[in-house]
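Student: Predicted coordinates and the sequence they were generated for:
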Amino acid sequence: MIIHCRNCGHPINLNNESDIFNPNLICPNCGKSLTSDGNYCYRCGKPTFPEDTQCINCGAYLVKPAGTWEVTLALAFFFGWFGAHRFYTRHYLTGLLQFLTLGGLGIWVIIDIIRILLGDFKDSKGIPIKPHSIQKL
Ligand SMILES: [Zn+2]
Ligand SMILES: [Zn+2]
């Protein structure tokens, strides 16, 4: 698929859309890492602001989620009663609340696990955490 360098907007052919977050990939046009802060959306090539987390044109998420779906789910399943999955995804305040309430007496953690399974759980910046196979960045 064609993606765009976030620095210069140059089109690049990549097999996997999530490679846009691979720091080892370099743009052949400008020589910068593809993970550089962006002036352009990698998916549609429209201009973005460097601080944007989501493209206002096509809705692509421009930053990588704080963690992987697999680790988030495992932490919620085994250690969710003290908020481990929330600390992992940088929800520090609600992580602390879960720690103090034993995961909302288990109920809150079960809701989180369901949301993680559905791909509906987000990190502290609002970036969805989804399994790799269905990751729509
Ligand atoms: Zn470039
Ligand atoms: Zn876009």
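Tutor: Alright, I've got the coordinates. Ligands and ions are numbered 1, 2, ... in the order given.

Student: ranges for the strands of the protein?
Tutor: Along the chain, the segments classed as strands by DSSP state E run 2-4, 11-13.

Student: Show me which residues of the chain are close to ligand 2?
Tutor: 41, 43-44, 55, 57-58, 60 (CB under 5 Å from the ion). All C-beta atoms are positioned from the backbone trio N, CA, C, and that covers glycine.

Student: cutoff 8 Å now
Tutor: 41-46, 48, 55-60 (CB under 8 Å from the ion).

Student: Buried deepest among the strands of the chain, which one?
Tutor: Counting by mean count of other CB atoms under 10 Å, strand 2-4 has the highest mean neighbour count of these, with a mean of 19.

Student: which of the residues of the chain next to ligand 2 count as buried?
Tutor: Neighbour-count burial (16 or more other CB atoms under 10 Å) applied to these gives 41-43, 45, 48, 55, 60.

Student: what's the closest of the residues you listed to residue 98?
Tutor: Relative to residue 98, the closest of these is residue 60; by CB to CB it sits at 30.7 Å.

Student: I'm done for today, thanks for sticking with me.
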